[in-house]
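Peer 1: Prediction below, plus the sequence it came from.
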Amino acid sequence: MRRFLINLCGFLLVALCLGWLLWSLAGSRDYTMPDGSFIRVEKVTFGKQEDIKLGGPIEKLKATLPASWQAKWPGPKRPGRNFSWRQNAVMHANDDALYIYISRRDPGKGYRGVEARLAQVVDKDGCVYESTQRGGYDDGLIPTKTMGPPWMNSSVGWFRFEAFPRRDKKFRLLVYGERANGAPDYGQTNFAEFRIANPAPRLRIADWPEARLPVVRTQDRLSFILTKVTIQKTNSFLPLPLNLKRRAIQADYEFTEDGQPSTNWQALETDLYDSGGNFVSGASGAQDCLCPRESAWKMRVKFFGSEKSRAASNAVWTLRGLAVPAPGQFTLLDRSQELQGVPVKAVTFGGAGNFTYSNNIPLEATPSKEPITEDSASIISMPSNWTGKHSILVPTFRVQSKSPHLAFDFGDLSGDQRLTVRAVDDQCREFYGHALGWKDYAPSSGNRLDGANYLDNWSMGEGTFMTFDLPVDAKTVDLTFCVHTCRTAEFIFKPPGSDEHAP
């Protein structure tokens, strides 16, 4: 008996030590928020997205039963409706990533909405990484729903990180709470902090040759020259401490065609990789930053050339001698063409003013009685059985334009294609169209082609509108539609200012 008790105590001691070791490796799963609720890290995985079930053993047993049996089970149903409320313009959806799943509970009351849509992970050197995508779903366990945004009614919140501290065995996770009305509250107190064990397998570090700038990549008679890469200390408006603000890189390029300097090219999309296996992607403007402490970075860049470039793979179509419509007036064009496999249809050329469109055809057009300070295009009526892009039934749009505009349509562009529309008036002045209501791509770097605005599929609704900043004395214009196909180049180099830009 005595030997049995000794063995039992020894077993319990070993189990206790093992449990403590596992707890210390994984870190605490719960964090108490200022309002008394606590956020729990339900699961941390590396791979593809999973469906996380909440609740105790009974609820989890219920989730394993057939749907017909679950329907007869008393208690909350599990609709499992998934929401996604933010992602980058470019995401590596087919690659494995770090996923973190959280829940939120009130003591004695049960689950509530996670009320958190911002999370960061921080490595041992202080480099900050933000999620590539975030979302959540209602697991059926929230007793009272609100009229707020999805994250206010999601019992499970999830964050996808394509870049994170892959070298570290553990790293910090910061999850920021929100106010009761759904407004962000990124103060220095309303956040939960955890120590997370890294679930990703150990990766082989890429042996990339280090190169110092400038780096030149030549294709045929065209050269792309990466001249400078700088790290911006902050590119975020969020009221976070300076050491937790997002950082970005700004890359500068020069171009030559046939050995001569050229201004006909722009960098519109960039994938940034580090030698540790991380990657971030961006389109236009500043590119999110990776930790500069890695031995090397690699940038894969898509460059697009204007229709003036002799080295670019472009297809153009021009409508000549169009009269510029007066305010509240329009001209039906009904002209179409196919450019590099992309159908393009010009439907209406309208003047300044207030317009109502269906299928890009005006139902109503009037001059504005008050000055229009900002161009806009918004949906005012949505068909009940609308199925999305290329639906037979389309929304009705209201367009307000302070200058002449174009209503047109274009088909699916590939990931390597963009579209521009350029107006040249009767005095040979050039004006690139700006998309209304959708994003167009006009890089902010100092070596961009001034005025060129590229559209991709993100710019496509069931009605696409462009405005042109034509002067009042313009009488006629030529409209040139161009589908551009990119050139892709890769640059490998030593990260800039590793010591200077350390947090």
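Peer 2: Received, thanks. What you are looking at is a predicted structure, and each value in this text was computed from that prediction instead of being measured. Numbers count the residues shown, from 1 in each chain.
Peer 1: For this protein, give me the ranges with low pLDDT.
Peer 2: 1-28, 55-90, 146-151, 179-189, 233-246, 283-287, 387-391, 437-452, 457-463, 498-503 (pLDDT under 70).
Peer 1: contacting residues around residue 218?
Peer 2: Shown in contact with residue 218 (Cβ atoms under 8 Å, 6 or more residues apart in numbering): residue 224. All C-beta spots, glycine's among them, are computed from the backbone N, C-alpha and C.
Peer 1: What separation is there between residue 249 and residue 384?
Peer 2: Per Cβ to Cβ, to the nearest Å, residue 249 is found 46 Å from residue 384.
Peer 1: Same drill for these two, tell me which one is more crowded.
Peer 2: residue 249 (24 against 5; other Cβ atoms under 10 Å).
Peer 1: Please settle this for me: is that one part of a strand?
Peer 2: Yes: using DSSP: H, G, I helix; E, B strand; the rest coil, the assignment for residue 249 is a strand.
Peer 1: My guess is it contacts residue 267. True?
Peer 2: No: Residue 249 is not in contact with residue 267 according to Cβ atoms under 8 Å; the separation is 11.8 Å.
Peer 1: Could you measure from residue 159 over to residue 465?
Peer 2: Counting by Cβ to Cβ, the gap from residue 159 to residue 465 is 35 Å.
Peer 1: and what of residue 107?
Peer 2: As judged by Cβ to Cβ, residue 107 and residue 465 stand 52 Å apart.
Peer 1: Check residue 201 too.
Peer 2: Residue 201 sits 48 Å away from residue 465, taking Cβ to Cβ as the criterion.
Peer 1: More neighbours: those two, which one.
Peer 2: Legend: neighbour count by other Cβ under 10 Å for residue 201 and residue 465, higher for residue 465 (26 against 10).
Peer 1: List the contacts of that one.
Peer 2: 357, 377, 397, 399, 401, 405-408, 435-437.
Peer 1: and it, backbone torsions?
Peer 2: phi -130, psi 140 (degrees, to the nearest 10).
Peer 1: The nearest residue to it once chain neighbours are set aside: neighbouring residues, count only.
Peer 2: Among residues not flanking residue 465 along the chain, residue 436 sits closest, at 4.1 Å (Cβ to Cβ, 6 or more residues apart in numbering). Residues near residue 436, counting by other Cβ under 10 Å, number 25.
Peer 1: do the same with residue 428
Peer 2: Neighbours of residue 428 (other Cβ under 10 Å): 7.
Peer 1: From residue 304, how far out is it?
Peer 2: Residue 428 is 24 Å from residue 304, by Cβ to Cβ.
Peer 1: ditto for residue 269
Peer 2: 9 Å.
Peer 1: Quick one: the strands in the stretch 51-200 of the chain, in order.
Peer 2: Using DSSP state E, counting those that start in this stretch, the strands of the stretch 51-200 of the chain run over 81-87, 97-106, 110-112, 118-122, 128-130, 133-138, 156-161, 170-176, 191-197.
Peer 1: Run the angle between the fourth one and strand 156-161 for me.
Peer 2: The reference is to strand 118-122. 50 degrees (axes from the mean of the first three to the mean of the last three Cα atoms, to 10 degrees).
Peer 1: And for residue 354, the neighbour number?
Peer 2: Considering only other Cβ under 10 Å, residue 354 is surrounded by 18 other residues.
Peer 1: and what of residue 477?
Peer 2: 24.
Peer 1: Nearest residue to it in space, please, no chain neighbours.
Peer 2: Using Cβ to Cβ, 6+ apart, the closest residue to residue 477 is residue 423 (4.5 Å).
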